[in-house]
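*Asks:* this is a predicted model, with the sequence first.
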Amino acid sequence: MLQSLAKIGELLLEGKGEFTPIINEPKIKEDAKYYTLEIVVDLDEQEVIVTRENLREYREGDPYKYYRIIGLPPKSPKAYVCVDGAKPHLLSASLWETSEGKNDHFLYEIDGKAEMYEDVIGTPFYNALKMIHQLGARESLGKNSLNGFVGKNESIPIVYVSVKSEELEAPAPKFLGAFDGYTEYLRARYLGSDSEDGFCYVANSASDGVDVAKFEGRNSFNKIFVTTTINYASGFDKRSMSRNYQTGAKMNAALSKAAAHLQQNMGVQIAKVQHFIVPQFPEHALSEISEEIFGKDTLQIKSSSELLFKWQKFDDFVGNIEDELQVDGFYWLNFIGYESDGKSYKVVNHIRDVPLFHFQKIAIECQDVSRKIADVFRKEATINLATLYYSIPIRKDSVKNPALPIFNALLEKREIDAQELFRHFIELILCHWYGRDAAYANITKNENFDYAIFDAVLRYHGFFHLLQRLDQLTNHNFGASMTSSYETLEQDYFERMNYSDPQKALFYLGKLLGVIAYAQYKKGHKQKPVMGKINYRGMGRDQILRLVNDLMEKARQYSVVDRADFPLRSFNELFNPNEWTISEEEAVFFILAGYSHRAAKSEEESNQDDETETLTEE
């Protein structure tokens, strides 16, 4: 993955100058308006001019022209000549002492490290800093000083300092960074080092100016390769990291640029956790990667997209790579999940080395399974990671996200235990039965318990079927393949869903439950008390037999023995208590599958026998 990142970074840096690695480009939205603002320090008139009259329309090259450098750690000396409009106080902190009297400005750092900055001291830039410092700080560059400068849906990503001084031969305002000496400062602070020629680990070759890999900014995901021996530095001795993981200056810059680009433009959500995609190419393809593939327009997915939900952008990107590289899907994707407060960055999930062809197969199968489930259940259905996420209850007070391990296994092509999914199904049903939705972050309140069952059964059937088609479902009792055609609608359903005989027996028990529930509903018992006979936490063989006896008694009580005969007889034919292998959670799932099943009927049949409907009409 490192080599792929390095190649991407090299292409993004191509032709943009030596300071490109430390330039922080603002994220631009198409539906917003942006401005650049000039702050004038007039040394002749001894004033700092901050006015809306100096606003102009933002241009794409402004971050490079005015050196909008990456954010510095809080305790580092401030060295900005250009900042974001939300942080004008950083300009003040770079030129003068802070209001607390803290010395963190340019001059303090340069004078304190005279040997390091010997090429800066005495230059026009240095002299301008001294004259500005003598002027003294101004309240016009406070934290909120630019509030109200622009309207709604407008912002100022570039605020830079200009100097007007006859003594400095700047009769008209001149950008502070354009004074001789500023680029020498940047080279000394960011590009200069005590490095020597040596071996670059990433390039796998000798390189000029090799030093331990360092990445500016607090939220660069490149740091996962440096600060731990758990990830890709697993073969390194952490005590010798500075010797083992060293890079050339150019390679270090390329990695930084690639990380920043992917974090901004390749974002997706997986289980409501923000991830970005890092492609990993085979070595033979790296030399063929063109700049066009990784331009802003091609390598970009909207961060609001849920993975496997909105596909067009990613499909375009995949097609572009395959056309250009002729790799035919033989490359991999890494998904790095993170949390960020805007200042720091924490990796919380890492889905490793996902083959592209498997990723595409999931998408294709999701679409096909959605169509099949919709046909079987006679209801529009969408099966993807988004619907799976909303079917796995996640408690608000939990620090763990139980959906993430399932998604990781799905994408990494590892087996998934069906019993684990049944347990999540049980928790979902209990949530609806007891009305506990407020305790969960991703479950919506559903007033109709019957519909909640129907929807849950539909979704989980979709997940099981998807995993079977991907050959990733283990520890289950579904049929291995489709059987021959049956005559009845229920049997056609069994064929489509690959039910085994024990699962069919439970399905018919659910049908019997539906007959009793509907009879109670017709008698005015709107809450259907028989539903309380189900132990939603799970039902073993003996509990199932007791439920059958209870339902037979209710059938006589409500005079529906005739309608109860077929599901009861079917259950008895298929149920074998001596060879019972169904788990307690799985049993509840298939009982509720039968209860919620609505066999398709013609309109005439429905009018003649609407009492066989399991679910009440809304």
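*Replies:* Done, it's in.
*Asks:* and the gap between K445 and L592?
*Replies:* To L592, K445 is 19 Å away according to Cβ to Cβ, to the nearest Å. Bear in mind the C-beta positions are built from the backbone N, C-alpha and C, glycine included.
*Asks:* ok, these two, which is more surrounded?
*Replies:* Between K445 and L592, counted using other Cβ atoms under 10 Å, L592 has the larger neighbour count: 28 against 11.
*Asks:* other SSEs contacting the strand or helix carrying Q274?
*Replies:* Assigned by DSSP states H and E, Q274 belongs to strand 273-280. Applying 3 or more Cβ pairs under 8 Å, 6 or more residues apart in numbering; DSSP states H and E, one finds that strand 273-280 contacts helix 2-13, helix 249-265, strand 267-270, strand 332-340, strand 345-355.
*Asks:* now find how far off-centre the shortest one is within its chain.
*Replies:* By that I understand strand 267-270. For strand 267-270, the separation from the chain centroid amounts to 2 Å (computed by Cα atoms, centre = their mean, to the nearest Å).
*Asks:* check stretch 579-590 too.
*Replies:* Worked out by Cα atoms, centre = their mean, stretch 579-590 lies 35 Å from the chain centre.
*Asks:* can you check stretch 404-415 too?
*Replies:* So, by Cα atoms, centre = their mean, the centroid of stretch 404-415 is 15 Å from its chain's centroid.
*Asks:* give me the contact list for it.
*Replies:* 270-271, 273, 335, 337, 349, 351-355, 358-359, 362, 385, 388, 392, 416, 420-421, 467, 470, 472-474 (Cβ atoms under 8 Å, 6 or more residues apart in numbering).
*Asks:* buried only: go through the residues you listed for me.
*Replies:* Of the members of those, the ones counted as buried by neighbours, 16 or more other Cβ atoms under 10 Å, are 270-271, 273, 335, 337, 349, 351-352, 354-355, 358-359, 362, 385, 388, 392, 416, 420-421, 467, 470, 472-473.
*Asks:* contacting residues for the spatially closest residue to A258 that is not a sequence neighbour?
*Replies:* Of all residues not flanking A258 in the chain, G9 sits nearest, at 3.5 Å (Cβ to Cβ, 6 or more residues apart in numbering). Counting by Cβ under 8 Å, 6+ apart, G9 makes contact with 253-259, 261.
*Asks:* and which of those residues is nearest E184?
*Replies:* Nearest to E184 among the contacts of G9, counting by Cβ to Cβ, is A253 at 18.1 Å.
*Asks:* L13 is in contact with that closest one, correct?
*Replies:* Yes. Counting by Cβ atoms under 8 Å, L13 is a contact partner of A253 at 6.4 Å.
*Asks:* common neighbours of the two, please.
*Replies:* 20-21.
*Asks:* who's more crowded, those two?
*Replies:* A253 (24 against 18).
*Asks:* three-state assignment of the spatially closest residue to that one that is not a sequence neighbour?
*Replies:* Among residues not flanking A253 along the chain, P21 sits closest, at 3.3 Å (Cβ to Cβ, 6+ apart). Of the three states, P21 takes helix according to DSSP: H, G, I helix; E, B strand; the rest coil.
*Asks:* tell me how many other residues crowd P21.
*Replies:* The burial count for P21: 25, using other Cβ under 10 Å.
*Asks:* check contacts around it.
*Replies:* 13, 190, 252-254, 256-257.
*Asks:* who wins for neighbours among the residues you listed?
*Replies:* Going by other Cβ under 10 Å, N252 tops the contacts of P21 with 29 neighbours.
*Asks:* could you check how far it is from G9?
*Replies:* For N252 relative to G9 (Cβ to Cβ), the value is 9 Å.
*Asks:* do the same with A206
*Replies:* Taking Cβ to Cβ, one finds A206 at 20 Å from G9.
*Asks:* how about T387?
*Replies:* The gap separating T387 from G9 is 36 Å, by Cβ to Cβ.
*Asks:* same check, this time on K29
*Replies:* Taken as Cβ to Cβ, the span from K29 to G9 is 24 Å.
*Asks:* so what's the residue count around G524?
*Replies:* Around G524 there are 6 residues (other Cβ under 10 Å).
*Asks:* that one falls within a strand, correct?
*Replies:* No. Read with three-state DSSP, G524 is coil and lies in no strand.
*Asks:* which SS class is G71?
*Replies:* In three-state terms, and counting by three-state DSSP, G71 is coil.
*Asks:* ok, it touching N24?
*Replies:* Yes. Counting by Cβ under 8 Å, G71 touches N24, with 6.8 Å between them.
*Asks:* for stretch 535-545, buried residues please.
*Replies:* Buried residues in stretch 535-545, counted by 16+ other Cβ under 10 Å: 535-536, 538-539, 541, 543-544.
*Asks:* just how off-centre is stretch 399-419 within its chain?
*Replies:* Stretch 399-419 has its C-alpha centroid displaced from the chain centroid by 15 Å (Cα atoms, centre = their mean).
*Asks:* tell me the buried residues in that stretch?
*Replies:* In stretch 399-419, counting by 16+ other Cβ under 10 Å, buried: 401-404, 406-411, 413, 416, 418.
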